[in-house]
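Student: just the structure for this:
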Amino acid sequence: MKIIVVGGVAAGASAAVRARRMNDSAEIKIFEAGPYVSFANCGLPYYVGGEIKKRENLLLVSPELFRGRFHIDVKLNHRVAAIDRKRKAITVEAGGERFEENYDKLILAPGCEPLIPPIKGARLGNVSTVFTIDDVDRIMEALDEGVKSAVVIGGGFIGLETAEGLNKRGISTVVAEMQNQLMTIFDPEFSIPMEKHLNAAGIGIRLGVKIREICGEEKVRSVELDSGEVLPADLVIVSAGIRPRTELAENAGLRIGITGGIVVDERMQTSDPDIFAAGDATESWHRVSGAKVRLALASNANRQGRVAGDNAAGGSLRYQGSVATSVIRLHDLTAARTGLSESEAKAAGIDCCRVYIPEADHASYYPGSSIMILKVIWEKKSGKILGAQAVGKQGVDKRIDVLATAIYAGLKVTDLENLDLAYSPPYSSAKGPEIMAGMAASNVFRGEERVVTPFELESFLKENDAEVIDIRTRGEWDAGHIPGARHIVMEELRKNPGLLDPGKKYVVCCGVGKRAHTTCRFLLQNGLDVRNLTGGWKAFNMDV
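Tutor: The predicted structure is shown next:
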């Protein structure tokens, strides 16, 4: 058997190695268009920022290692130009020559490429993407020449990670994002703490803007926004999105899906039974919604590559879909998500509920704890967990991984409140944030409490002629409160619930939602129409 893999890095390399482990006698070749078969593309921003010190640390596996350890032949700088499905052969271009190579099974892992918006000046010197080793080589040369200011176009993963790295190098950095929030894979409110944190670190944020022109002669000198603002820039990083490399598959007549990716089944098999595909160029499916998706995530590409390699070599693995778990670090702030966001759930037509839990990452009495805000989304009727998002300084990745596992397993919020997780004061609380979220969500699911989110509060108050009752202490109230709220300390309201009108609707607010829950319970039992402001004052301000 002869297995040809087109493309390396995450999906292609994983596919080739898995195929070898499944079939030691197969002839396996990787054709990679670039000069590196496997490099840490997710590590590139950290090399730019100086945290990864050595360039060679980005080069994960060499062609020599593939040959010596796995008996896999790697051909670098070899571009596969065409596929002849009838003859089961590929056309390869290398060194100005063309030749054909036959295959029994073909695995496509062409990946994606960065989008370069049609902006005047986008080809000037010191304008670069952060996508390949060659990209970061050029950026490091520019930094060595003395870059003082930079503009990053795009507020997604690579853009923000690179902005963080440039900022750590002492370079005055501004992020310009076309949308009205950073990290659009999160719900909009999670952009708020990211903006606050980046601003505090000295990174400028411009949201809802477009780039009118990148200005300069041979090299960039400034960036003009459509608002008219001109930003000084010795370096411009373009991180405005990606597109799948599907030309090879399209020209071969393989089926392309509604997302623009190569269509595959659960075996990662394309519309041709002898051709498999994996990674960023494929169209897969979301495990929660069932919707077709195209995800550029290294973890996803590795899993898909493993399945494709297994089945190309005669195995029987099945790809189980993705819950789209991801995480980003912004200086000492971490944001992570899994499953569906609230926006995605609503767009999919799912009737969903959500709660916010501001909670310490470990026991608050143990030194060094800090607040995170965890949001859990679930299907209203069934209680099935749909998604989660969190932001904070510590422990965020741990909680999202727990929620990702719960979503993969199809758990409900009533399962979440019963999880048995590790506890010790330095690591968590006896009821950690994910368990507290399960308890709060289960209270709503069982009908023990109704909630209003901070981000629907204004419309709820207007539509229901309702009032906010703030039950915190006087000191908390004086430090800041919701405009128009009425202050009645919890203990006073407990003594005299008659202070509230039985014919009126109320939203009860406290610091994080716990005292409000207790208050809502006794007010409900006294005939009052009340709702808890989920997440309380902390979530209202997205304050971590």
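Student: now do the phi/psi pair for the most centrally placed residue in the chain.
Tutor: In the chain, the centroid-proximal residue (Cα atoms, centre = their mean) is residue 326; its distance is 3.9 Å. Backbone torsions of residue 326, given as degrees, to the nearest 10, read phi -150, psi 160.
Student: partners of it in the sheet?
Tutor: residue 337 (DSSP bridges).
Student: give me the pLDDT for it.
Tutor: For residue 326, the model assigns a pLDDT of 97.
Student: now do the strands in the stretch 101-250 of the chain.
Tutor: Using DSSP state E, counting those that start in this stretch, the strands assigned to the stretch 101-250 of the chain run over residues 105-108, 112-114, 127-128, 149-153, 172-177, 204-207, 211-216, 220-225, 230-232, 235-238, 242-244.
Student: got those as a markdown table, with distance to residue 392 columns?
Tutor: Where you see a C-beta, it was placed from the backbone N, CA and C, and this is true even at glycine. Listed next are the strands of the stretch 101-250 of the chain as a markdown table, based on distance: least, Cβ to Cβ, whole Å:
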| stretch | distance to residue 392 |
| --- | --- |
| strand 105-108 | 40 |
| strand 112-114 | 30 |
| strand 127-128 | 32 |
| strand 149-153 | 24 |
| strand 172-177 | 21 |
| strand 204-207 | 20 |
| strand 211-216 | 32 |
| strand 220-225 | 32 |
| strand 230-232 | 30 |
| strand 235-238 | 27 |
| strand 242-244 | 28 |
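Student: for residue 288, which of those is the nearest?
Tutor: strand 242-244 (22.2 Å; Cβ to Cβ).
Student: who does the closest one pair up with?
Tutor: strand 112-114 (antiparallel).
Student: list the contacts of residue 275.
Tutor: Residues counted as contacts of residue 275 (Cβ atoms under 8 Å, 6 or more residues apart in numbering) are 83, 85, 105-108, 252, 254, 269.
Student: swap in residue 174?
Tutor: Applying Cβ under 8 Å, 6+ apart, the residues near residue 174 are 150-152, 203-206, 231, 233.
Student: ok, these vs residue 284, which is closest?
Tutor: For the contacts of residue 174, the nearest to residue 284 is residue 152 (29.0 Å; Cβ to Cβ).
Student: quick check: bridge partners of that closest one?
Tutor: residue 175, residue 237.
Student: any idea how far residue 167 is from the residue nearest to the centre of the chain?
Tutor: 22 Å (Cβ to Cβ, to the nearest Å).
Student: now do residue 517
Tutor: From residue 517 to residue 167 the distance is 40 Å (Cβ to Cβ).
Student: next: residue 408.
Tutor: 35 Å.
Student: out of the two, which sits in the busier spot?
Tutor: Using other Cβ atoms under 10 Å, the more surrounded residue of residue 408 and residue 167 is residue 167, with 22 against 18.
Student: that one touches residue 201, doesn't it?
Tutor: Yes. Between residue 167 and residue 201 a contact is recorded at 6.0 Å, counting by Cβ atoms under 8 Å.
Student: what touches both of the two?
Tutor: By Cβ under 8 Å, 6+ apart, the residues touching both residue 167 and residue 201 are residue 331.
Student: need phi/psi at the nearest residue to residue 373 once chain neighbours are set aside.
Tutor: Leaving aside its chain neighbours, residue 373 sits nearest to residue 358 (4.9 Å; criterion: Cβ to Cβ, 6 or more residues apart in numbering). For residue 358, the backbone dihedrals (degrees, to the nearest 10) come out as phi -80, psi 120.
Student: same deal with residue 83?
Tutor: phi -120, psi 130.
Student: that one and residue 76: what is the separation?
Tutor: 20 Å.
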